[in-house]
Every structure is written in structure tokens, then in C-alpha cells.
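S.K.: return atomic coordinates for the entry below.
(one chain, ligands or ions: 1)
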Amino acid sequence: MIRETRKSDLVKQLISDNDVLLNLVVESSDTIIGNVVVSKITMTPDIGLFCGGVAPLSVLPEHQSSGIGSQLMKEAIKKSKETGMNGLFLLGNPDYYGRFGFKVSNLESDYDAEYLQELELTKGCLVNLKSKITYANEFMS
Ligand SMILES: CC(C)(COP(=O)(O)OP(=O)(O)OC[C@H]1O[C@@H](n2cnc3c(N)ncnc32)[C@H](O)[C@@H]1OP(=O)(O)O)[C@@H](O)C(=O)NCCC(=O)NCCS
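M.R.: Alright, predicted model coming up:
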């Protein structure tokens, strides 16, 4: 069962800095076995879009490859849309995230361009965008 939480130890720093937009966990016998966070990102210049960065997404090794990561990603996308976000970004293997509709982004960032991916939640909002994407400070430390 997926539930929404703001108390995961995994994202304590993001939470204390008020950078978490969404935090979902999957529990089994009161143990968190999977977690996904959508956190604030900065777009420079800011043209008024509300976008989030998906990170971290993690599933305990003994529970991997049983669909939990996919379940978390699908729910994170759904809830991000419901929250009014225009788009999502993430860093990861395109072979995995392509299945959720993410595509390699052309936007500028300080991260490896091969792995920066985007998903429009509002159709067309990222087309021709020139802004630079920056994750919350916690990811740099
Ligand atoms: C990545 C991760 C969240 C996926 O969660 P999961 O519950 O194992 O994923 P699912 O069961 O929904 O999907 C499993 C599929 O993803 C693939 N997959 C898992 N990790 C992958 C990765 N890093 N790159 C590409 N494919 C990956 C598996 O091969 C499997 O493929 P299949 O469906 O064709 O069999 C999980 O493996 C994990 O926590 N890994 C360690 C942390 C990590 O690497 N996070 C960043 C990911 S880029």
C-alpha cells in the first residue's frame, strides 16, 4: 500500500529545508521498502512553471524487480499532476524511466546531459524552454 508521508529518514534534510513537494513510501509489515520523493527545483530564468525533481527513488534490494519502483513512479506522476505541477525532471537511466514517459531533456543543467530527463504534465510546457534546471542544495552536498 502506498501512503503519503513527510517523515522518511531518507529525506530528512530535504524535509527540514522545506524542499519536499511529495514523499511517498511503500510499507510492508511496518517497514518502509520503497520510497520516492519529488523535491523543489529551480528554473533560471523562472518563467512561472511549477516543476519538481524526482529523487531519490529507491527500493530495498530484496524487494527490487517486483514492480514497487514502477508503482511508486506512476503514483508520483499522478500526484504531481494533481498537485498542479507542470513537469517533472530526474536524473537516471533512460532505459528505466522511458517506460514512464520521460525523455532525455535538452535543457541546460550542471548534470550529465545524457541522464537528465523530463516529463511534461502540462502538454507542451517544456517545448522551446531555455531555462537552466537546478536541484535543491541538498543534492550538491
Ligand atoms: C531503480 C529502482 C528504484 C527500481 O525499482 P524496482 O522496484 O526494482 O523496479 P520495478 O520492479 O518497477 O522494475 C524493474 C525493472 O527495472 C529495471 N531496472 C532497475 N534498475 C534499473 C536501472 N538502474 N537502470 C535500468 N533499468 C533498471 C529492471 O531491470 C527491471 O526490468 P524489467 O521490467 O524489464 O524486468 C530500484 O532498483 C533501486 O532502488 N535501485 C537502487 C537505487 C537506484 O539505482 N536508484 C536510481 C535509479 S536510476
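S.K.: for the spatially most central residue of the chain, which non-adjacent residue is closest in space?
M.R.: Using CA atoms, centre = their mean, the residue of the chain that lies closest to the mean C-alpha position is Val54, 1.0 Å off. Nearest non-adjacent residue to Val54, counting by CB to CB, 6 or more residues apart in numbering: Leu90, 4.0 Å away. Quick note: C-beta positions are derived from backbone N, CA and C, even for glycine.
S.K.: contacting residues for that neighbour?
M.R.: Neighbouring residues of Leu90 by CB atoms under 8 Å, 6 or more residues apart in numbering: 53-55, 57, 97, 102, 116-117.
S.K.: now do it against Phe100, distance only.
M.R.: 9 Å (CB to CB, to the nearest Å).
S.K.: related to what we said a few turns ago, surely the residue nearest to the centre of the chain is in a helix?
M.R.: No - using DSSP: H, G, I helix; E, B strand; the rest coil, the assignment for Val54 is strand, not a helix.
S.K.: what residues are up against Leu22?
M.R.: With contact taken as CB under 8 Å, 6+ apart, Leu22 is in contact with 4, 36-38, 52, 76, 79-80, 83.
S.K.: ok, now Ala76?
M.R.: Neighbouring residues of Ala76 by CB under 8 Å, 6+ apart: 22, 24, 36, 38, 54, 57, 88.
S.K.: secondary structure class for it?
M.R.: With three-state DSSP as the basis, Ala76 sits in helix.
S.K.: separation between it and Asp46?
M.R.: Applying CB to CB to Ala76 and Asp46 gives a distance of 23 Å.
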